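**Student:** Got a predicted structure here, sequence first:
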Amino acid sequence: MRARIGSSAVIVMFAVGALIGPAGLRPAAAQDGPEMVVPNLEVRPVASGLVTPTSIAFIGSNDLLVLEKNTGRVVRVIDGGIAGTALDLGVNAASERGLLGIALHPDFPTDPGVYLFWSCPGTPPPADNPFFPVETECADEPTLGADTTDTLATPLLGNRVDRFEWDATSGTLTFDFNLVKLLAFQNDGAPEPPGQGDEAQPARANHDGGVIDFGPDGRLYVLFGDAGRRGQLQNLPCGPTAMTCPGPTTPDDQFGGPHPDDAHFTGVVLRLNDDGSTPTDNPFFGVGAAIGGEVGENLQTVFSYGLRNSFGMDFDPRSGALWTQENGEDAFDELNLVTAGQNSGWIQLAGPSSRVAEFKAIETTSLHHDDFPNLQQFRWGPERIADTPADALARLFALPGSQYSDPEFSWKHVLAPAAIGFLEGRGLGRQYAGDLFVGMSVPEPLGGPLFHFNLTGNRRAIAVDDPRLADRVADNLTFHDMTESESLLVGIGFGVVTDIEPSPDGTLYVVSLDQGTIYEVRGSR
């Protein structure tokens, strides 16, 4: 179950050859909804009129729970119609916060557990001291009803995962308990610590991740973005302004760091038991036990780290392996096969390590945003990116037992992928069974393309037919350009895709946040 939101960007028009045909040069806005661009698939809306839908969960064959990011509502949809509201949380929906991720207990409905990742509101700090939140965390019992989009109206630990229980008779969700509370507050222009160079840094509310899913091992996996942090879990072992390492550490922000205490514990995939406790077979369980304290307890929950942000995570139904999508800044979006103890490389690396010079060249010359190039946080600028793969790899924060691996696929310039999902059945035809589908976090290009990926026979790599993709990198020419992705395209016009789920009928459900619609992709009839 996945979720997410992207940022705005310019519309790019381009032809994609025979897949679109002579009419390929048309604005994305001209689309009246999605269409498939391969002859054996079709798409239809199954539910509409939703408000910023992010994630869905099937509780029956035509019975869905749908999350709405900005309203905090869990809406029940039966046979395509809105049947009621199961829960209405009071959320902070600024930027990428809100009601984001859902996962059903593996024994659902025998075990009625429904798990939600969401961002709780808090008291805004006073105008004369906006750099410290009023509360450390929200109360365990969730707030209901009223929502806010005030970036600063959140506790320090305003992102959270809670278990609720489903009552089929009343069609409602009731709070059971909280599993984990994670960093949400971001306002890094504080005068302390001095010398960070962040005086002009605006308050932000992005990179919250929020995708959650139960794995085949029965554990709950929680994908949490970097929340703009620049500490050890972002591969800065001595902090963001340390010129050499090893050496003295420098704090990440006004709350300290760079060690991953609660205020700096970000950019990770967590692995938890269904009651929120920590599995003793987690890759850094022993490491954390040896360190002890808040930092040690946090590290014990980590499955992988070095993650910038992601809008997509899913388990391969055939191999059981975990796959994620990871968004780059301006360079090298990624698809990753995630293994226990993996270091994904951010901020020292994006894309294959062999391409680090290209990563640096793009990030130091991009003019894409008014406050760029800066890799979002001013305190560690792109000029600090290494010049060689060896230097970049040597700089990684290496927890004992960790390992770095290159992405399985990447785009040279940001194309902004989002939700990912594996198809488990044959509702699209035998040729698509077990394959991976990827949507976008912005509607450009082509109104929001939908990509299709085959996996190799051992299920550990992306299979390609286009010889240009033999290196598993789409060398597109600029931001939101489709060059070298043409052979992957199966649909257009899906907008901002926040979830991709297999249906009980073996078809594929695609959630469009900006269109407020859930679509079904199936084989042509």
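**Tutor:** Noted; the coordinates are in hand.

**Student:** all strands of the stretch 401-525 of the chain, in order?
**Tutor:** Taking DSSP state E, counting those that start in this stretch as the test, the strands found in the stretch 401-525 of the chain are 403-404, 409-413, 417-422, 436-440, 450-455, 462-463, 473-474, 489-492, 497-502, 508-512, 517-523.

**Student:** Would you format those as JSON lines with mean neighbour count and distance to residue 214 included?
**Tutor:** Where C-beta positions appear, they are placed from N, C-alpha and C, glycine not excepted. Shown next, in JSON lines, are the strands of the stretch 401-525 of the chain (neighbours: other C-beta atoms under 10 Å; distance: least, C-beta to C-beta, whole Å):
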{"stretch": "strand 403-404", "mean neighbour count": "16", "distance to residue 214": "25"}
{"stretch": "strand 409-413", "mean neighbour count": "25", "distance to residue 214": "25"}
{"stretch": "strand 417-422", "mean neighbour count": "27", "distance to residue 214": "14"}
{"stretch": "strand 436-440", "mean neighbour count": "26", "distance to residue 214": "19"}
{"stretch": "strand 450-455", "mean neighbour count": "21", "distance to residue 214": "21"}
{"stretch": "strand 462-463", "mean neighbour count": "15", "distance to residue 214": "25"}
{"stretch": "strand 473-474", "mean neighbour count": "24", "distance to residue 214": "31"}
{"stretch": "strand 489-492", "mean neighbour count": "22", "distance to residue 214": "28"}
{"stretch": "strand 497-502", "mean neighbour count": "28", "distance to residue 214": "14"}
{"stretch": "strand 508-512", "mean neighbour count": "27", "distance to residue 214": "18"}
{"stretch": "strand 517-523", "mean neighbour count": "21", "distance to residue 214": "21"}
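
**Student:** Would you confirm that residue 509 contacts residue 45?
**Tutor:** No: here residue 509 does not reach residue 45: they are 10.8 Å apart, not a contact under C-beta atoms under 8 Å.

**Student:** Quickly list what's touching both of the two.
**Tutor:** Shared contacts of residue 509 and residue 45, defined by C-beta atoms under 8 Å, 6 or more residues apart in numbering, comprise 518, 519, 520.

**Student:** Please list the outside residues in contact with stretch 242-250.
**Tutor:** By C-beta under 8 Å, 6+ apart, the residues outside stretch 242-250 that reach it are 193, 236, 237, 238, 239, 240, 241, 258, 259, 395.

**Student:** re earlier: including pLDDT and distance to residue 139, could the shared contacts of residue 509 and residue 45 go into a markdown table?
**Tutor:** Listed next are the shared contacts of residue 509 and residue 45 as a markdown table, based on pLDDT from 0 to 100; distance: C-beta to C-beta, whole Å:
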| residue | pLDDT | distance to residue 139 |
| --- | --- | --- |
| 518 | 98 | 33 |
| 519 | 98 | 38 |
| 520 | 98 | 39 |
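
**Student:** Among these, which one sits closest to residue 332?
**Tutor:** Using C-beta to C-beta, residue 519 comes nearest to residue 332 of the shared contacts of residue 509 and residue 45, at 28.8 Å.

**Student:** List the residues that contact that closest one.
**Tutor:** By C-beta under 8 Å, 6+ apart, the residues touching residue 519 are 33, 34, 43, 44, 45, 46, 494, 509, 510, 511, 512.

**Student:** cool, and residue 233?
**Tutor:** Residue 233 touches 226, 260, 264, 265, 266, 267, 268, 305, 306, 397, counting by C-beta under 8 Å, 6+ apart.

**Student:** What of residue 46?
**Tutor:** Shown in contact with residue 46 (C-beta under 8 Å, 6+ apart): 80, 509, 518, 519, 520.

**Student:** Partner strands of whichever strand or helix holds residue 58, with direction?
**Tutor:** Residue 58 belongs to strand 53-60 when assigned by DSSP states H and E. Partners of strand 53-60 in the sheet, by DSSP bridges, are strand 63-68 (antiparallel).

**Student:** Great, nothing more from me.
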